[in-house]
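**Student:** Dropping a prediction and its sequence here:
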Amino acid sequence: MTEDIDYEIDPEDLPDRVERKPLGPPSVVVDDLHITYRVFGARRGGTTKERSSLWDKAISLGRPDTGPITEVPAVRGVSFVAHHGESIGILGTNGSGKSTLLRAVAGLLPPTSGRVFTSAEPELLGVNAALLPRLTGERNITIGGLALGLSNKEVRRNIPGVSEFAELGDFLYLPMSSYSSGMASRLRFAISTIRTPEILMIDEALATGDASFRKKSTARIEEIRAQAGTVFFVSHSLASVRAMCTRALWIDKGVLVADGDVDVVADAYHEYVEGRSDASSGAKLN
């Protein structure tokens with residue numbers, strides 16, 4: 001077994017499988033997307049380019065020598081089309097590029113090349129709802145709601161519901177710095193889903209919280225999908241992806257390996273990870 005697959009979620013804690021339904025028009029189109037990071041001073045891996053132009057030499061005057069620039073390809077030539085009403089799981093081992101892909105689709109990372117088209121502004125859970133530790137939960141809900149485009153009146157109307165969903169109780173009026181990581185995660189989820197986004201992107205957001213909250217979160221995600229929204233879900237838990245998604249993308253070393261029915265792709269990914277784990281164990285024994 002490896003850390004790339006999470007088997008810790010009990011079957012009884014998982015939600016019912018999402019209902020497959022007719023899909024709407026495209027909501028996200030990713031066309032030959034490439035994301036390349038430039039690392040200064042790195043000397044191993046990637047493609048190294050020495051700074052040899054006059055411009056590079058000029059801007060580097062007076063600065064300490066950082067060494068060569070290494071280009072690290074994180075996403076390489078990924079293309080797919082997502083539709084309204086789909087819930088899509090993104091699978092991949094650590095460092096495969098799945099979170100980078102999610103951030104690029106959300107518009108937080110500019111493409112090195114290729115294009116991303118969306119029918120609405122995607123909301124990446126945990127980023128749009130940035131929490132401020134020194135402020136109370138109530139103030140964070142207000143700021144988060146305003147950032148999502150709600151009016152002051154709408155925010156005030158939603159504060160009790162957000163607090164109840166996040167199970168804050170009296171902590172609503174205490175600073176965020178006094179919250180546990182699980183409580184902060186619940187509040188972040190609740191703020192991010194105050195309104196129903198057309199495109200919701202979740203990166204391991206359900207990894208924290210007890211079984212009860214996971215069920216509430218999953219029900220909320222299904223509400224969004226039922227209202228012709230599109231949900232992207234990144235997780236190491238194959239059981240959660242199978243339960244919450246109807247389609248899966250498998251990313252490995254930045255390349256889209258498979259795109260199709262969630263069970264077919266999840267089975268192939270599981271076999272790959274298990275095979276890699278067995279090979280690693282055999283090497284250690286030898």
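**Tutor:** All right, it came through fine.
**Student:** the strands in the stretch 101-250 of the chain, which residues?
**Tutor:** Taking DSSP state E, counting those that start in this stretch as the test, the strands found in the stretch 101-250 of the chain are 113-118, 123-124, 199-203, 230-234, 247-252.
**Student:** Can you mark which positions in the third one are buried?
**Tutor:** So that's strand 199-203. 199-203 (16 or more other CB atoms under 10 Å). All C-beta spots, glycine's among them, are computed from the backbone N, C-alpha and C.
**Student:** Specify the angle between it and strand 230-234 in degrees.
**Tutor:** Between strand 199-203 and strand 230-234, the angle comes out at 10 degrees (axes from the mean of the first three to the mean of the last three CA atoms, to 10 degrees).
**Student:** Can you name the residues in contact with strand 199-203?
**Tutor:** Residues outside strand 199-203 that contact it (CB atoms under 8 Å, 6 or more residues apart in numbering) are 27-28, 99, 102, 105-106, 118-126, 192-193, 221, 224, 229-234.
**Student:** Pick out the residue nearest the middle of the protein.
**Tutor:** Compute the mean C-alpha point of the chain, and by CA atoms, centre = their mean the closest residue is residue 203, 2.6 Å away.
**Student:** Just give me how far stretch 80-95 sits from the chain centre.
**Tutor:** With CA atoms, centre = their mean, to the nearest Å as the basis, stretch 80-95 stands 10 Å off its chain's centre.
**Student:** ends of it, how far apart?
**Tutor:** End-to-end span of stretch 80-95 (CA to CA, to the nearest Å): 20 Å.
**Student:** Buried residues in that stretch, which are they?
**Tutor:** Buried residues in stretch 80-95 (16+ other CB under 10 Å): 80, 82-93.
**Student:** for the chain, what spans make up the helices?
**Tutor:** 54-59, 98-105, 137-147, 152-166, 181-192, 211-226, 238-244, 262-285 (DSSP state H).
**Student:** got the contact list for the second one?
**Tutor:** Right, helix 98-105. 28, 30, 33, 35, 74-75, 78, 90-92, 109-111, 116, 118, 122, 124, 201, 203, 232, 234, 251, 254.
**Student:** Could you give the average pLDDT over it?
**Tutor:** Averaged over helix 98-105, pLDDT sits at 92.
**Student:** Over to the third one?
**Tutor:** pLDDT averaged over helix 137-147 equals 92, rounded to a whole number.
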